[in-house]
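**Student:** got a predicted structure plus its sequence, pasted below:
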Amino acid sequence: RRRVYVYTFCPEGEVVCSETTCSENGLCSDFAAKLEDEVEEEQVNTPPTIVLNGPATVTLGSGDGYTKCPASAPVTAVCDRGAYAEDAEDGPLTSRVLACSPDGVKNKFTTKGIQGCGFNFGIPGLYTVN
């Protein structure tokens, strides 16, 4: 009795991927498809949702104070309530919201409020917290 083994011979530089297929450019077709799927999944990144807590516009009299609201502030208090932030990939981001962060300075609203903004509310004008 004789046994005959049939092997798949691949071009130089390629490898056997299964009993009947060779790699292409060094990648097995099922591995290449998985790699493409992973690349596509990594590229999907939805931007975070940021919602202001409180009104988008606040009117103050010259010299009035305007700071971060304390947790106990009544709804009628004139103060900055910050923002809620959430991301589909990273979850809640509220603790990482920055306020007035010029030149890479990380002014976390939860700890500094709007102190880093450099506003002088004694001078009439329009001030933007971003």
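**Tutor:** Structure received. Computed from a prediction, not measured in an experiment: that's the story for all the values here. Residues are numbered from 1 along each chain as shown.

**Student:** okay, now the closest residue to G65 other than its chain neighbours: neighbour count?
**Tutor:** The shortest distance from G65 to any non-neighbouring residue, by Cβ to Cβ, 6 or more residues apart in numbering, is to F121 (6.9 Å). Using the backbone N, CA and C atoms, a C-beta is placed for each residue, glycine as well. F121 has 15 neighbours, counted by other Cβ atoms under 10 Å.

**Student:** go on, G54?
**Tutor:** For G54, using other Cβ under 10 Å, the count is 15.

**Student:** what of G113?
**Tutor:** 21.

**Student:** ok, it - contacts?
**Tutor:** By Cβ atoms under 8 Å, 6 or more residues apart in numbering, G113 lies in contact with 67-68, 80, 82, 99.

**Student:** how deep is L93 tucked in, by neighbour count?
**Tutor:** So L93, with other Cβ under 10 Å, has 15 neighbours.
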